[in-house]
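**Q** Here you go, sequence then predicted model.
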Amino acid sequence: MIKKIDRKISKQLNMPAVTDTESHTVLDTVTDRFPMAITPQILKGIQQEGPGGPLAKQFLPDLKELMIDSDELSDPVGDEQYTVQKGVVHRYPDRCLLKPVSVCAVYCRFCFRRETLGGRKKGLTPTELEAAFQYISEHKEIWEVIITGGDPFILKPKKIAEILSNLENIPHVEVIRIHTRIPFVDPGRMTEEIFKALNLKKTLYIALHANHPSEFTDEAKTVIAKLSNQGIPLMSQTVLLKGINDNINTLSELMRTFVKHKIKPYYLHHLDLVQGTSHFRTSVEKGIELMKALRGHFSGLCQPTYVIDLPGGYGKVPVSYSYIKGDKIEDYQGKCHPYPHLTVKN
């Protein structure tokens, strides 16, 4: 894992040069504020596509990150407000987050948890993890546990197996979900030991995070196929990002690529109000228009739910185009047709 971009790599990637000293680059100025990590897999991809490509934009620090808008927040989705136990976020009644680790293989430059990752907060100790399991055991309304972080697959296989085993032993937890980027950014980490740990009796879902079709390398496809062949349902998460996937050609190709590889498109996130990310943010109107175009011209299998995660911990809200126009319904070509029994008022 590459924690810093040295001068040699900076030159290869045509990145900003040094500033005040030979050892302190422009990029260090950003990483002093927000953490950075890049895997050899991603570095290789950046070198192949060039410094202005979608991988470089997602993972290489940019001085624009130091421009923080007044409406951007250090805790944009309200995790802290609903942290009921260290490592446990219980916002919705029937599910909770379990965050055993606070590091990732790579750090997305737009991550909504960028203030708490990269060693700023430690992962759970064995005692804290036991307390997290105890909380989940005592709250019988928790039907699903979502393991996130950090990236859970950064953990050793033995620790992953231990966490999953403990959750399996809680009777009212019927579904376990893991959110990860590892199969795309560090596929070599997905060892046979990890696949063995994922062989559960209870239902396990894995949510795979990717934002551009170029992330589907041959190595990533191999890992995804193994997950699918093991019978694990796969779902996607994508963030709508200006200059990366905010056009219908890229977005539709990404969704089709998910479906082709047996990953059901799940969420398209409007970028949260994360500090230093305004250069990535599209308008909500742009997102709605993209979803309308996606709905009108591409398979129903390719449709994620476009959501905004409201500041203050109020949760995810779907945002969509309304096809109801008074007493008529608009079709995908923009033509309106009368339909009986419409009671919705605009």
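**A** Now that the structure is in, tell me what you want to look at.
**Q** who's in contact with residue 241?
**A** By Cβ atoms under 8 Å, 6 or more residues apart in numbering, the contact set of residue 241 is 57-58, 110, 211, 271, 280, 282. In short, each C-beta sits where N, CA and C put it, glycine included.
**Q** try it again with 7 Å
**A** Shown in contact with residue 241 (Cβ atoms under 7 Å, 6 or more residues apart in numbering): 110, 211, 271, 280.
**Q** pLDDT score for the third one?
**A** For residue 271, the model assigns a pLDDT of 97.
**Q** that older thread, out of the contacts of residue 241, who's the most crowded?
**A** residue 211 (27 neighbours; other Cβ atoms under 10 Å).
**Q** close enough to count as contact, it and residue 236?
**A** No: at 9.9 Å, residue 211 and residue 236 do not qualify as touching, with contact defined as Cβ atoms under 7 Å.
**Q** ranges for the helices of the stretch 51-200 of the chain?
**A** With DSSP state H, counting those that start in this stretch as the criterion, the stretch 51-200 of the chain has helices at 54-59, 126-138, 157-168, 182-185, 192-197.
**Q** outside of the third one, which residues touch it?
**A** The contact list for helix 157-168 (Cβ under 7 Å, 6+ apart) reads 100, 133, 145, 147, 152, 173, 176, 191, 193-194, 197, 200-202.
**Q** Buried ones in stretch 29-49, by neighbour count?
**A** Using 16 or more other Cβ atoms under 10 Å as the test for burial, stretch 29-49 gives 29-31, 34-39, 41-43, 45-46.
**Q** Keep only those of these that are in strands.
**A** Secondary structure from DSSP state E places none of the buried residues of stretch 29-49 in strands.
**Q** give me every residue that touches residue 329.
**A** By Cβ under 7 Å, 6+ apart, the contact list for residue 329 reads 323, 336-337, 339.
**Q** hmm, 10 Å instead?
**A** The neighbours of residue 329, taking Cβ atoms under 10 Å, 6 or more residues apart in numbering as the test, are 322-323, 335-339, 342, 344.
**Q** cool, and residue 185?
**A** By Cβ under 10 Å, 6+ apart, the neighbours of residue 185 are 1, 37-42, 45, 55, 58-59, 104-106, 108, 151, 209-210, 215, 217, 220.
**Q** Could you find the lowest-pLDDT member of the contacts of residue 241?
**A** Within these, residue 110 has the lowest pLDDT, namely 94.
**Q** any idea how far it lies from residue 200?
**A** Separation of residue 110 from residue 200 (Cβ to Cβ, to the nearest Å) stands at 32 Å.
**Q** swap in residue 270?
**A** Distance from residue 270 to residue 200, counting by Cβ to Cβ: 33 Å.
**Q** circling back to that earlier point, make JSON lines from the contacts of residue 241 and add distance to residue 291 and secondary structure to it.
**A** Output for the contacts of residue 241, formatted as JSON lines (distance: Cβ to Cβ, whole Å; DSSP: H, G, I helix; E, B strand; the rest coil):
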{"residue": "110", "distance to residue 291": "20", "secondary structure": "coil"}
{"residue": "211", "distance to residue 291": "16", "secondary structure": "coil"}
{"residue": "271", "distance to residue 291": "15", "secondary structure": "coil"}
{"residue": "280", "distance to residue 291": "18", "secondary structure": "helix"}
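**Q** Out of the residues you listed, flag the one nearest to residue 315.
**A** residue 271 (16.6 Å; Cβ to Cβ).
**Q** Surely the closest one and residue 281 touch.
**A** Yes: if you go by Cβ atoms under 10 Å, residue 271 and residue 281 touch, sitting 4.8 Å apart.
**Q** Between these two, which contacts overlap?
**A** Both residue 271 and residue 281 are contacted by 110, 240-242, 246, under the criterion Cβ under 10 Å, 6+ apart.
**Q** For residue 258, give me phi and psi.
**A** Note on residue 258: backbone dihedrals following degrees, to the nearest 10 are phi -50, psi -50.
**Q** so who does residue 45 touch?
**A** If you count contacts by Cβ under 10 Å, 6+ apart, residue 45 has them with 38-39, 53-56, 59, 184-185, 214-215, 217.
**Q** Could you rerun that using 6 Å?
**A** Residues in contact with residue 45, defined by Cβ atoms under 6 Å, 6 or more residues apart in numbering, are residue 55.
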